[in-house]
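> coordinates only, sequence not included:
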Ligand SMILES: Cc1cc2nc3c(=O)[nH]c(=O)nc-3n(C[C@H](O)[C@H](O)[C@H](O)COP(=O)(O)OP(=O)(O)OC[C@H]3O[C@@H](n4cnc5c(N)ncnc54)[C@H](O)[C@@H]3O)c2cc1C
């Protein structure tokens, strides 16, 4: 239990999409375009995704390999994902920061005990059963942004 504080601050959870992801030469990505609750750890991930997508399109347009109107496709490509994440993280806020006594009871008696179950290692299958603790971590391949192929053809 925490008994002493060095510094305390109020945390206000902002969660909303921007009305538009761009206007003329001004283009936005990351939290500026779609800020969401910190529950579910998705803010930076979706922000990096939208920045990568936008950077790829800006590069192609700047190099003359795609028409400038390619930049207009960024919002249509990224907003649906941001909306999904916003919706999921908002649900997480409603569960973890319940507004009523009944919901708090559900969180404390059902949700939190379930979250504390050792489910994560069982569901991801790592480490494999009976493996030595020093077993190497399997190599991972990053997915390359989906826009590259499409943009170069535009
Ligand atoms: C407590 C907490 C925990 C989090 N945990 C996770 C996590 O585990 N995983 C995850 O994926 N995400 C997490 N996030 C979300 C993540 O931190 C953000 O989504 C991410 O940092 C957004 O990056 P950004 O570059 O878009 O915006 P920011 O990091 O907010 O960067 C914007 C920058 O612009 C600067 N700026 C603002 N206005 C101006 C101005 N007028 N002129 C010049 N500069 C300006 C700001 O000072 C800031 O440096 C967490 C967030 C919080 C608050």
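Sure thing, it's come through. Given the structure is predicted, the values throughout are model-derived calculations rather than measurements.

> Could you use CA atoms for every contact and neighbour count after this?
OK.

> Quick one: residues contacting residue 16.
34, 35, 36, 86 (CA atoms under 8 Å, 6 or more residues apart in numbering).

> Buried residues, the helix or strand that contains the last one. List them.
Element membership for residue 86 (DSSP states H and E) is helix 73-96. Within helix 73-96, the residues that qualify as buried are 74-75, 78-79, 82, 85-90, 92-93, 95-96, counting by 16 or more other CA atoms under 10 Å.

> ok, residues contacting it?
Outside helix 73-96, the residues touching it (CA under 8 Å, 6+ apart) are 15-17, 20-22, 34-40, 42, 46, 50, 53-54, 57, 103, 107.

> ok so, going back, which ones among the contacts of residue 16 lie within helices?
Under the assignment DSSP state H, the contacts of residue 16 contribute residue 86 to helices.

> Show me which of the contacts of residue 16 is closest to residue 3.
Residue 3 lies nearest to residue 36 out of the contacts of residue 16, by CA to CA, at 30.1 Å.

> tally of neighbours for the closest one?
Counted with other CA atoms under 10 Å, residues neighbouring residue 36 total 27.
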